[in-house]
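A.B. asks: just the structure for this:
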Amino acid sequence: MDEDRNGVAALLAPVTIEEFFARHWERAPLHVPANGAPRLPGFGLDGLDALLATTKLDPTDVRVYRAGDDVHTDYTYRAEHVSGDNARRHGPASRLDVGRLYELFEAGATIALNQLSDYCEPVAVVCRSLRRLLRCKGVSANAYLAPPRAVGWGAHYDLDDVFVVQCDGSKRWRVWAGPRELPYRGQMFVKGRDPLGEPVLDVVLQPGDLLYLPRGFVHEPVTEDAHSLHVTLVTFVHTWADLVDALVGAAGDADVALRRGLPLQDPARGASLEDLRAELRGLLARLDDETALRRALAGLLGGHRDDGAERGRLARAVARGRLDAASVVRATGRPARVAADGARLSVSYGESLLQLPRAAQPEVEALLASPGVRIADLPGRLDAAGRVALVRRLIGEGLVEVA
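C.D. replies: Now for the predicted structure:
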């Protein structure tokens, strides 16, 4: 968690995380001028050039548009040289025609590269830090390279909170308060129907600048006399409505009353609106259940893949195979909480929960606190084979490593 806080702190600096959440998150836009330190280390115009020229990007991750409309010109080619099993399974591969992309850019089109974190590890690190700190569904990164005097999508708002990092060139952003606060699914902005007043922010982003926009704030980015390269970090947050949806599902699994059909279809039980309200109040009271809430939260917060968590797993797998009672191991320092409940021992870390026999509590607590200990010297009553098996499990979870 400290690593995640440091990553997000570097993104927001000199604004603190505490100040950001107190004054801006889901409330108000924030412009943070460059502070001399890169907000996305390792990515810029040269980095994008290298990605486009040397990486086999998925063509579906690239989008080309002009004045808000997609450019319907093919900028791919078929890699006929692909042979062997891959060719028999998939046919000739589609590849980006980078030369054609640059021609379109020089002719006034904007190039968008979606899923940037799949191709650029420094950007992926920031995305993972944001996702874990916000405990949200995910964070995606998209890069936008625009020529001078380019118009994007016109005035619009997003349904997700975004962080914009200016990497090269400059771009003007005008921002207005939207017609509705924190719009939800399908509540799109319609230009002409939803009136706009005076902008609440009119700023030209320079390299190193950061712009945060809560969902629902209308914005219109355009380039003026210079090109622009910026990265948008899109955060997909969990809302109270999401939790209510998940809670109804979790409670409905255990309570048949929530699974019954509405009485509207039964003439013998013809229900008035007041009857329905009374029954609904009773059903809502059933949702106030700790077990159902825990299941709903586990489903929301524990169901997201974090590819970054797999880093180091190969080395851990090799180390686990070499363990014996004479091996010396140590805690990785990953924050974890140990709690005993009956015959079970729960070890919670990040968004994961590990269940172990309570008999292993002395060994577990010693391992999670130790700067280095021989497996044979651990406290507790597990035999040598049990201790080795326990350590292998904790290494696999990233809580312990070979010293």
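A.B. asks: where do the helices sit along this structure?
C.D. replies: Secondary structure of the chain by DSSP state H: the helices cover 2-12, 17-23, 45-54, 85-90, 98-106, 121-134, 240-254, 273-286, 290-301, 313-321, 361-369, 384-396.
A.B. asks: pick the most buried one from the ones you listed.
C.D. replies: Between those, helix 121-134 has the highest mean count of neighbours, a mean of 20, where neighbours are mean count of other C-beta atoms under 10 Å. C-beta here means a position set from N, CA and C on the backbone, and glycine is covered the same way.
A.B. asks: what mean pLDDT does it have?
C.D. replies: In this model, helix 121-134 has a mean pLDDT of 90.
A.B. asks: okay, the angle between that helix and helix 2-12?
C.D. replies: For helix 121-134 against helix 2-12, the angle between stretch directions is 110 degrees (axes from the mean of the first three to the mean of the last three C-alpha atoms, to 10 degrees).
A.B. asks: nearest spatial neighbour of the spatially most central residue of the chain, chain-adjacent residues omitted?
C.D. replies: Closest residue to the average C-alpha location of the chain: Gly138 at 2.2 Å, with C-alpha atoms, centre = their mean. Spatially, and ignoring its direct neighbours in sequence, Gly138 is nearest to Phe236 (5.0 Å; C-beta to C-beta, 6 or more residues apart in numbering).
A.B. asks: mind checking how far Thr76 is from Leu101?
C.D. replies: From Thr76 across to Leu101, the span is 10 Å (C-beta to C-beta, to the nearest Å).
A.B. asks: ignore the last one, Asp49
C.D. replies: Asp49 sits 11 Å away from Leu101 when distances are taken as C-beta to C-beta.
A.B. asks: same deal with Leu297?
C.D. replies: When Leu297 is compared with Leu101 (using C-beta to C-beta), they lie 44 Å apart.
A.B. asks: give me the number of residues near Ala177?
C.D. replies: The criterion is other C-beta atoms under 10 Å. On that basis, Ala177 has 18 neighbouring residues.
A.B. asks: you'd agree it is up against Pro199?
C.D. replies: No. Taking C-beta atoms under 8 Å as the definition, Ala177 is not a contact partner of Pro199, at 9.1 Å.
A.B. asks: related to what we said a few turns ago, nearest to His72, out of the helices of the chain?
C.D. replies: Comparing the helices of the chain against His72 with C-beta to C-beta, the closest turns out to be helix 98-106 (11.3 Å).
A.B. asks: can you name every helix or strand that the closest one contacts?
C.D. replies: Using 3 or more C-beta pairs under 8 Å, 6 or more residues apart in numbering; DSSP states H and E as the contact definition, the elements that helix 98-106 packs against are helix 45-54, strand 62-66, strand 110-113.
A.B. asks: that helix vs helix 45-54, what angle?
C.D. replies: Relative orientation of helix 98-106 versus helix 45-54 (the same axes, to 10 degrees): 140 degrees.
A.B. asks: for helix 98-106, the distance to its chain's centre please.
C.D. replies: On the basis of C-alpha atoms, centre = their mean, to the nearest Å, the separation between the geometric centre of helix 98-106 and that of its chain is 31 Å.
A.B. asks: residue ranges with poor pLDDT in this protein?
C.D. replies: Where the chain drops to pLDDT under 70, the residues are 1-2, 79-93, 264-271, 302-313, 316, 351.
A.B. asks: quick one, domains of it?
C.D. replies: When the chain is parsed into structural domains using automatic domain parsing, the resulting residue ranges are 2-236, 240-301, 312-402.
A.B. asks: the nearest residue to Arg172 once chain neighbours are set aside: neighbour count?
C.D. replies: By the measure of C-beta to C-beta, 6+ apart, the closest residue to Arg172 outside its immediate chain neighbours is Val204, 4.8 Å from it. Applying other C-beta under 10 Å, we find 15 residues neighbouring Val204.
A.B. asks: mind listing what Val204 touches?
C.D. replies: Contact partners of Val204, counting by C-beta atoms under 8 Å, 6 or more residues apart in numbering, are Ser170, Lys171, Arg172, Trp173, Glu224.
A.B. asks: can I get stretch 396-403 in PDB, CA atoms only?
C.D. replies: Only the C-alpha atoms of stretch 396-403 are listed here, as PDB (Å, rounded to 0.1, in the frame of the first residue of the first chain):
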ATOM      1  CA  GLY A 396       3.100 -18.400  -3.400                       C
ATOM      2  CA  GLU A 397       1.000 -15.600  -1.900                       C
ATOM      3  CA  GLY A 398       3.900 -13.200  -2.000                       C
ATOM      4  CA  LEU A 399       4.000 -12.900   1.800                       C
ATOM      5  CA  VAL A 400       7.300 -14.700   2.400                       C
ATOM      6  CA  GLU A 401      10.500 -15.100   0.300                       C
ATOM      7  CA  VAL A 402      13.700 -17.000   0.500                       C
ATOM      8  CA  ALA A 403      16.400 -14.900   2.300                       C
END
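A.B. asks: in it, which residues are buried?
C.D. replies: For stretch 396-403, the neighbour count (16 or more other C-beta atoms under 10 Å) marks Glu397, Gly398, Leu399, Val400, Glu401, Val402 as buried.
A.B. asks: thought the first one was touching Ser348?
C.D. replies: No. Counting by C-beta under 8 Å, Glu397 sits too far from Ser348 to count as a contact (11.1 Å).
A.B. asks: what is in contact with these two at once?
C.D. replies: Counting by C-beta under 8 Å, 6+ apart, the residues touching both Glu397 and Ser348 are Leu354.
A.B. asks: Arg193: neighbour count?
C.D. replies: 7.
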